[in-house]
Structures are given as structure tokens and as C-alpha cells.
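Colleague: need coordinates for the following:
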Amino acid sequence: MCSSVWSQRGNIHGKVMNDFTKEPVPFASIFWKKAGFGSTSDSAGNFIVRLSHNLDDTLVVSYVGFADVYKRIRNTTKDTADVELILRELKQANTVEVKSKFNKGLRWWKFIVANKAKNNPYKYQNYSYELYNKMELDINNVSRKYFTDKKLLKPFVFLLDNIDSVSDHKPFLPIYMTEALSDYYYSTDPRKVREEIKAAKTEGMKNESMLQFIGGINQKVNVYENFTNALGKEFISPLSDVGDKYYNYKGADTQYISGQRYLHLLFTPKREGENTFSGDCWIHGGNWGIYRINLNISATANINYVNRLSILQEFSLRPDSAWMFAKDKTVIDFTPFGKEKLSFIARKTSTYKDVKVNDPYITKKLATNAQKEEVIVDDAARDKDTQFWSLQRHEELSSNEQKVYRMMDTIKTIPAFIKYTKALTFIFDGHKKYGDIEIGPWYKWISGNQLERLRTRFDLGTTEQFSKYLRLHGYLAYGFKDARFKGRADVTYKLPGDMGITLFSSFTHDLDNGRTRYNDEDITTDNIFSQLIRRPNIPQKFLGVEEIKIAITKEWKNKFSVQPFFTRTSFETFNPLPTTSSLLSHATQSQIASSEAGLRLRYAPGERTFARHRKEVKLKSNLPIFEVRGAWGIKNVFRSNYQYLRLNANISQGVRIPRWGKLNYMVYGGKIFTDESLPFMLLETHPGNEIYYYNKQSFNLMNRFEYVSDKFAGINIEHNLEKKFLNLLPFMRKSNMRQFWNFKSVWGNLTDKSRALNRIEYYNEYRLRSLRGGFYTEIGTGFENIFKLFRIDFVWRNAPLRNIPPGLNPLLFKSNTNDFGVFGSVRLQF
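Modeller: This is a model prediction of the structure:
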């Protein structure tokens, strides 16, 4: 975009802007088409050009990678209006054409790579600066006709008064704005980050899901690294050591800024379908450091719901000839409804002041961290007035940004806005609030299974309005076939402040509904959809559970947590599982009951937690997570029947392998120490899956309660290759599909006493099994991101028979489960 005004001195003054990022375009060419003369915009996008000597002439703005702009101007002293021109980026071609035998662009790239170590701002042991962050969210492709034609949107017609009308391009509506001013400290070895937010201002839509959706642009990009992440996907930097294998380079023009020579380098991807960028950068002609770089994802990059993503970085040259951050800007065009439809544009700008490097004070500050990355918000951060922001923000707000603050004070009071927000929350979250209480989830109100036939359930819980720290929740369910009431009541209390202590207690009298032992967050089968996707000819199996649980959780800031707990549980079995009476091991025993006192230890370094009233959402880092759990079964406490010690441990991690996608793994194992026989519900029941929806944590060709063990060890691996091999096929390069493979295997065994009590391998309507010191393995592969949403898994099972008693037919011990299966699932991801 170029804005200009007539000057009394016969000059036109203006500024060249990028229509998408709203950033200045430096060194653009501006000239008169007829007169033939012109000028160049400076490093800030500003320009001055003399008036044409022709009465009618056309002002042309030209820059590599953008469509030329033509504006007819009549040379009269009466025409003093501002002139607005749009400079739009072109769709990049697949390659930068280099016709000469000598490619100076490739030579410049080699010099950049050779000097990366000395020019990379991350080379310092530590640094600090004052950081100013600004984020704006806009609705794009908005039109008055769209609002007036849609009955649901008519109450919001007044918002059109805030639509950006500066440009003649498709207008956008700013709806969200946040600013933050902080002191930022960083060290490289050991890696530590500390951010002290001293001022924060947030206006607009504060919907938590939307904020998490756009939160990915908070990642800082280092163009000097070989690979960088954007929205969770790996991109190959044009400054990578192997950049010449992925990019074509072209040397363009040369400019002088403050007497120093800068070179203009262009780059585009060599091939379609790879996660690469197109764009340009300005290079210092003396030390080969980057002064300014523009990155735009290639049109065929494998990233969902993003039409355009642009990253701008600027660096400043320090007196010691070293480069340091000056400005970052990321702009993302989210298109969940398709191109040219209503979309969202997120813009995040970061600027840096008062940069200090290798300062002992920084080390002292970082030593106060309780974890590697820590954010501290000042108690008065949200209380800063308008005058404070006018003086302290690093750059003035644009007219569109100023409109957001005024507009959102109005929209939050509109009845239609409140009504629509509640309706959407009920549909997608499942719960509906009525002041202090809430009902739901609605998808559990009606369900069915072979034991209850028709099941109804109604949940009631308290909301944040009742208490920010205390939550009461319960449900009542009824099965029409067994004519039984079931239910649950639980209480959660978080101690005020930042002590990280949570108290929990619950009472449950219900079926287990497919829940895995020790996991209260599993998706249970008592929902309206579960029966629609069950695998055929597999009887549904239930345990009746009556349980009292008490737990106290203490989590420190370094993400180490301790949870002592106590449970008292009694079990009832239903057909086709073995009868409860057949599992009794003592002459005076009338029920299967256990009392456990235990301790759970968990360490998840770098994990981020979004606390919600109903539950916490944990975002894992790329560091390993360690968990150990021990439980002591205490006999004759609350009429318990068993004495044992149970130990379980696991390590899990998700890591990126440069150029080879993402690898997730979990290694686990456990053992139960006891001198007596235990019924199968107190053993380790290896998780099975009896529906066609793929479960990452289970063995998908294993039935529920098919295998049990009292000592076991296993590993789960999934490697998402993204498009590494699919791109070898030319017709797949424009496809959105991604490929993966996975491997799950578990070794297990069972004592003779427990095998005899549970009738292991005994022919019955349903047969419990032991791995007998062998392995159960599933190997799978498949494709995900089909139509940007669906995933299909092809799974093979291998469960060899071992240690068959002599004289018995091995076929009696073989499972009738298929050794191959196809599963589907839905994955919403970038």
C-alpha cells in the first residue's frame, strides 16, 4: 500500500506498505510511467518523488515478489487528496529463474552460512531486553451484505462502522487486541527463560479455545537455525546449512543504508509439497549478517487451515559489529471455511529495547527460576492507565488497533452476543451454565449397552460463579434392563494462592464403562455415539465398581508433583466375565474388595498448564515425562481381602527429528508383589479396544480383559513421517495426506496361583489369557490429514502361543480375534 499527498514544493511524499503484513516495504521502486523518472523508498518504506511534467501520468510502484501498482494522477494544484495504493504479494512461482552460469545468489547464501556462527544473536551466553508484544485478531473478507443477509448477524451490523476502510482491498474487522510489556531474560547453557510481565492490556473476545488456537504464533523463530517450527510443523530455513538442496537463490539489487552496503537476496522452494518458505532478505555486505528477512510459507506447504503465513524479522547492528533482535512480526491467515470465505487474520508484533548481553545480573535473575521457563505476572500489570501505555509502548497504535478497544466495550453487552456464545459453548463443550450450577455433558444423557439396554444419565456441577476454588459434581444414572440406579459424587478443592495444592474425594457406584484402571480422564462408553462404532461379534464386558477415593496433590513450579491417595473398591462381575463367586480365594470371603494406600510421583519439565474450572489442560514440552506409582493393598482394612504391593513406572516423550517428522514414545513396566492369588481386576489388565475408533493408548486388536499380568513391560512408538516419502511421488506433492507408522509391544507373565484362580485359558463363554512370558505386538501404518480431518490406521497383530501345557491342542488357546484390522479417527490439527 502506498499513501501519498501533494506537496507545495512539487513533490509527492508517501510510504510503501505490504497489504498483508501492514509493514513498510523498503527499497521499492516508484516512478512515473510517462515521465520515466522516479525514486526508491528508504529502509522504512518512505519515499519522495517529484511531480511529473505531464498533465496526466501514472505512478507505478514496483517490488520483487509483488504485483505492480498503477495509479493515474492528474497534475493539478486542486487535487490535494491522499492517494492510497495497494501492494499485494504475488503467488510465488516454484523456482527463481537464474539464466547466467554464475549464480551470485548461491554465492551470497554460502557466505551467510559461513558466517552464521558470529552473526547469530543466540551466540551469547545470556541476554536480556525490554519486550513489547502486541497481538491483534481480525475477521477477514467481511462485507456489509454478508451481515445484512444473515439473520443471525443482523444484531452486529453496527460493527461495520469499525471495518478497516483505509484500503480498497477486501475489508477486515478487528475484534481482539492485547498488549504486554515485560522484562525478558534468557541464557543458552543451561537454557533458561524468565519473563516478568509488568504491564498487560487485553480487550476483545477472550474465548479460551480461540486464544489457544492462535497461541502457536507465540513461538520465536530463529532464521539462523537449520530448521524452525511454525504452528507445530517443521520448516527448513532458507539459511540452513543444506538450504541449497531445498531452495533456489537469486541475487537482486544492492542498496546503501547509512553509508553501508546491503545485498538483496531472493529465495523460492525447489519443489512443491515441502515445508519451505519463499521470500527475500537484505544482507550486510561486510559481515554477511541479516538486516531484514521476509518468510512466506510456500503455497503447497503441508499445513492445515492456513492460507498465508508471513514472518518478518529485523536485526540491529550493535557497536561491537554484532547483530541483535530488533523486531519480529508474524501474520497468519486462518481459513477454516476455505479460501475467499470468512477467515481470521492474527498479527503478532514483538519489539526489543535496552538489549544487554553476557551480564552477571541476568544470571542472577535466572537463578531465581523454579523451572527452566517461567513467566511472572506483576499484581498491578492489568491496572496500567492510558497515559502509561502512551508513554511506554514501543510504537503507536494504528487507527484499526485503537478501534478494538472502543468496540469490545459495546459488543459484550449485546443480548444476541451473549445468547450465541452460550449456545456454541453448549454444543461444543457439552455443558450449560445456570449461574452457580451447570448441567451436562449432553452426549451422556442417553446411551445403551447389552447390560442396561437403555441408560440415562444426568450430571450436575458447580461453576466458577459458585466458587473459583471449590467444585462439586455428581451424576445419577439408571439402566432400564437391569433396573438399577448408579451414580457418582466428587469434590475438588484448590487451595487459594500459588501453593499448587489440590484436595479431591469421590464416591462411585456404577459400571466401569470401559475406563482404564487409575485413569479418571478416559473417555467412557456411556455416550450416545459409542454403540454406533463397536466391532461386531465382541460381547461388551463390564465390572460393577463401588469406590471411595481420597487424594491430595501437590505440584511445584518445576512441574514435579506428589499425590498420596487412598481407595477402597469392591467389584462385581457380569456375564461373559467369570462370576464373582468363582474368583473368591478365601473360605469366609463374600465379596471382592481391596483397600489401597499409595503414592504417585510425576515430573513433567517444561509442561504448561491451562487451568479451567472443570479440569486442567496440559501442554507437554519436548522433554521426557517421568511417572512412578506405588500402591499397597492393605488386608482387613474396611473389609478388604488382599495384601499386595503394586509398582508401576513409565517414561513418555514427543520429539522432532530434523527432516524426519515427529516421534512419540512411551516405555512402561510394573510388578505386583504378593504371596496370594489375586482376581483379574486387581492385576494389570492390558488395555484393549472394542470399537472401530482408533485409540493411541490401547492395543486396538486386543479385546478388553483379554490379557492380564502381574509383571509386565512394554513400549509404544508412533513416528509421524508427515510427507517425507509421499513427496517422492510427484502426484502426491499437492496432497494434504501425511504418513505414519507405529509399534506397540508388551511382555507379561502371571503366577500359577493367579492363573488358577482366574481360570486362565479355561474354556468359557469368555476366556481370560496370560502372555505366558511372551510378547503381544501390534504393528501399524496409515494416513492422516485426509480431507484435513480424518485418519485411517491399518493394524496387524502378533500374539504367538507360548508354554502350552503338553498334550493339549494349541488351537484351544488361540484367540478368535482377527489378526488384521482397519480403524478410523478424527484429528483436528495444523
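Colleague: switch to C-alpha atoms for all contacts and neighbour counts from now on
Modeller: Fine.
Colleague: name every strand pairing with the helix or strand encompassing Gly279 and say which way it goes.
Modeller: Using DSSP states H and E, Gly279 sits in strand 277-284. Sheet pairing for strand 277-284, assigned by DSSP bridges, gives strand 260-269 (antiparallel), strand 290-297 (antiparallel).
Colleague: which one of the ones you listed lies closest to Tyr420?
Modeller: Tyr420 lies closest to strand 290-297 among the strands paired with strand 277-284, at 34.7 Å (CA to CA).
Colleague: pLDDT on that closest one, on average?
Modeller: Model confidence over strand 290-297, given as mean pLDDT, is 89.
Colleague: run through the helices of this structure in chain order.
Modeller: Using DSSP state H, the helices found in the chain span residues 104-114, 116-119, 144-149, 208-214, 360-366, 386-392, 399-411, 415-429, 752-757.
Colleague: could those helices go into JSON lines alongside mean pLDDT, mean neighbour count and distance to Gly544?
Modeller: Formatted as JSON lines, the helices of the chain follow (pLDDT from 0 to 100; neighbours: other CA atoms under 10 Å; distance: least, CA to CA, whole Å):
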{"stretch": "helix 104-114", "mean pLDDT": "91", "mean neighbour count": "18", "distance to Gly544": "65"}
{"stretch": "helix 116-119", "mean pLDDT": "90", "mean neighbour count": "18", "distance to Gly544": "64"}
{"stretch": "helix 144-149", "mean pLDDT": "65", "mean neighbour count": "13", "distance to Gly544": "54"}
{"stretch": "helix 208-214", "mean pLDDT": "34", "mean neighbour count": "12", "distance to Gly544": "36"}
{"stretch": "helix 360-366", "mean pLDDT": "90", "mean neighbour count": "15", "distance to Gly544": "52"}
{"stretch": "helix 386-392", "mean pLDDT": "87", "mean neighbour count": "11", "distance to Gly544": "61"}
{"stretch": "helix 399-411", "mean pLDDT": "71", "mean neighbour count": "17", "distance to Gly544": "50"}
{"stretch": "helix 415-429", "mean pLDDT": "80", "mean neighbour count": "13", "distance to Gly544": "28"}
{"stretch": "helix 752-757", "mean pLDDT": "87", "mean neighbour count": "16", "distance to Gly544": "19"}
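Colleague: distance to Lys554 added to the ones you listed, as JSON lines?
Modeller: Formatted as JSON lines, these follow (distance: least, CA to CA, whole Å):
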{"stretch": "helix 104-114", "distance to Lys554": "48"}
{"stretch": "helix 116-119", "distance to Lys554": "43"}
{"stretch": "helix 144-149", "distance to Lys554": "50"}
{"stretch": "helix 208-214", "distance to Lys554": "25"}
{"stretch": "helix 360-366", "distance to Lys554": "24"}
{"stretch": "helix 386-392", "distance to Lys554": "38"}
{"stretch": "helix 399-411", "distance to Lys554": "39"}
{"stretch": "helix 415-429", "distance to Lys554": "28"}
{"stretch": "helix 752-757", "distance to Lys554": "36"}
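Colleague: nearest to Ser709, of the ones you listed?
Modeller: For those, proximity to Ser709 was assessed by CA to CA; helix 752-757 is nearest, at 9.1 Å.
Colleague: and the strand ranked longest in the chain, how far out from the chain middle?
Modeller: Determined from DSSP state E, the single longest strand within the chain is strand 172-188. Going by CA atoms, centre = their mean, to the nearest Å, the spacing between the C-alpha centre of strand 172-188 and its chain's C-alpha centre is 19 Å.
Colleague: what's the angle between that strand and helix 399-411?
Modeller: Interaxial angle, strand 172-188 versus helix 399-411 (axes from the mean of the first three to the mean of the last three CA atoms, to 10 degrees): 110 degrees.
Colleague: strand 172-188 pairs with which strands, parallel or anti?
Modeller: Here, using DSSP bridges, strand 172-188 pairs with strand 126-140 (antiparallel), strand 191-204 (antiparallel).
Colleague: buried residues, it. List them.
Modeller: Neighbour counts over strand 172-188 (16 or more other CA atoms under 10 Å) mark 172-187 as buried.
Colleague: could I have it exported to CSV, CA atoms only?
Modeller: These are the backbone C-alpha positions of strand 172-188, laid out as CSV (Å, rounded to 0.1, in the frame of the first residue of the first chain):
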residue,chain,number,x,y,z
PHE,A,172,-11.4,-6.7,7.7
LEU,A,173,-12.9,-6.3,11.1
PRO,A,174,-10.6,-6.1,14.1
ILE,A,175,-12.1,-8.0,17.1
TYR,A,176,-9.3,-8.8,19.5
MET,A,177,-6.3,-6.9,20.9
THR,A,178,-3.7,-7.5,23.6
GLU,A,179,-0.5,-5.7,24.6
ALA,A,180,2.1,-6.7,27.1
LEU,A,181,5.3,-5.1,28.3
SER,A,182,7.9,-7.3,30.1
ASP,A,183,11.5,-7.7,31.1
TYR,A,184,12.9,-10.8,29.4
TYR,A,185,15.9,-12.8,30.4
TYR,A,186,17.5,-15.7,28.5
SER,A,187,20.6,-18.0,28.9
THR,A,188,21.7,-20.6,26.4
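Colleague: residue ranges with poor pLDDT in the stretch 251-400 of the chain?
Modeller: The stretch 251-400 of the chain contains residues with pLDDT under 70 at 339-340, 400.
Colleague: where do the strands sit along it?
Modeller: All strands of the stretch 251-400 of the chain, identified by DSSP state E, counting those that start in this stretch, fall at 260-269, 277-284, 290-297, 306-317, 323-334, 343-357, 373-377.
Colleague: export the ones you listed to TSV and tack on distance to Arg797 and mean neighbour count?
Modeller: Below are the strands of the stretch 251-400 of the chain laid out as TSV (distance: least, CA to CA, whole Å; neighbours: other CA atoms under 10 Å):
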stretch	distance to Arg797	mean neighbour count
strand 260-269	41	22
strand 277-284	41	23
strand 290-297	40	22
strand 306-317	38	19
strand 323-334	40	21
strand 343-357	44	19
strand 373-377	42	16
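Colleague: distance to Pro624 added to those strands, as CSV?
Modeller: Below are these laid out as CSV (distance: least, CA to CA, whole Å):
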stretch, distance to Pro624
strand 260-269, 34
strand 277-284, 31
strand 290-297, 31
strand 306-317, 30
strand 323-334, 30
strand 343-357, 30
strand 373-377, 15
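Colleague: count of neighbours near the closest residue to Phe227 other than its chain neighbours?
Modeller: Excluding its sequence neighbours, the residue lying closest to Phe227 (CA to CA, 6 or more residues apart in numbering) is Ile236, at 4.7 Å. Here the count is done by other CA atoms under 10 Å, and Ile236 has 23 residues near it.
Colleague: thought Ile236 was touching Val223?
Modeller: No. Between Ile236 and Val223 there is no contact, the gap being 9.3 Å when judged by CA atoms under 8 Å.
Colleague: please name the nearest non-neighbouring residue to Tyr129.
Modeller: Nearest to Tyr129 is Val355, by CA to CA, 6+ apart, at 4.4 Å.
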